[in-house]
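>>> pasted the sequence and its predicted model underneath.
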Amino acid sequence: DGGKHLRELVPAVRALWEGDYAHDGEVWQFPTSTSVPKPVQKPAPPMWVAARDISSHEFAVANGCNVMVTPLMKGDEEVEDLARK
């Protein structure tokens, strides 16, 4: 279920970086909160996602995240394919 947790939390973290935010999702729930200190990078700090399966990789790319992959059990063609995506 890690992917489901991630896909809900990435937008929540970005909202917290913007200011006060409450979340009532399927996985995560928290009252109005904020992050302190606020990020100084504009529009936001880079976010990295560890993506071992293709749906997490696609989510990361679609949401402007950097992707960490370690296809150690697969050949160079897998690395090249992920880089193209």
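Yes, it's here. Residues are numbered from 1 along each chain as shown.
>>> in contact with residue 3, which residues?
53, 55, 56, 59 (C-beta atoms under 8 Å, 6 or more residues apart in numbering). (C-beta placed from N, C-alpha, C; glycine too.)
>>> tell me where the chain has helices.
Secondary structure of the chain (DSSP state H): helices at 2-18, 54-62, 76-84.
>>> which among these is found nearest to residue 68?
helix 54-62 (8.9 Å; C-beta to C-beta).
>>> what average pLDDT does the closest one get?
In this model, helix 54-62 has an average pLDDT of 87.
>>> contact partners of it?
3, 6-7, 10, 49-51, 65-67, 69, 82, 85.
>>> among the helices of the chain, which gets the worst mean confidence?
The stretch with the lowest mean pLDDT among the helices of the chain is helix 76-84, at a mean of 77.
>>> roughly how far out does it sit from the chain middle?
Distance of helix 76-84 from its chain centroid, counting by C-alpha atoms, centre = their mean, to the nearest Å, is 20 Å.
>>> tilt between that helix and helix 54-62?
30 degrees (axes from the mean of the first three to the mean of the last three C-alpha atoms, to 10 degrees).
>>> quick one: buried residues of helix 76-84?
residue 82 (16 or more other C-beta atoms under 10 Å).
>>> just stretch 61-68 next, same as before
65, 67.
>>> that stretch: end-to-end distance?
End-to-end distance for stretch 61-68: 11 Å, by C-alpha to C-alpha, to the nearest Å.
>>> distance to residue 37 added to the helices of the chain, as JSON lines?
Output for the helices of the chain, formatted as JSON lines (distance: least, C-beta to C-beta, whole Å):
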{"stretch": "helix 2-18", "distance to residue 37": "10"}
{"stretch": "helix 54-62", "distance to residue 37": "25"}
{"stretch": "helix 76-84", "distance to residue 37": "34"}
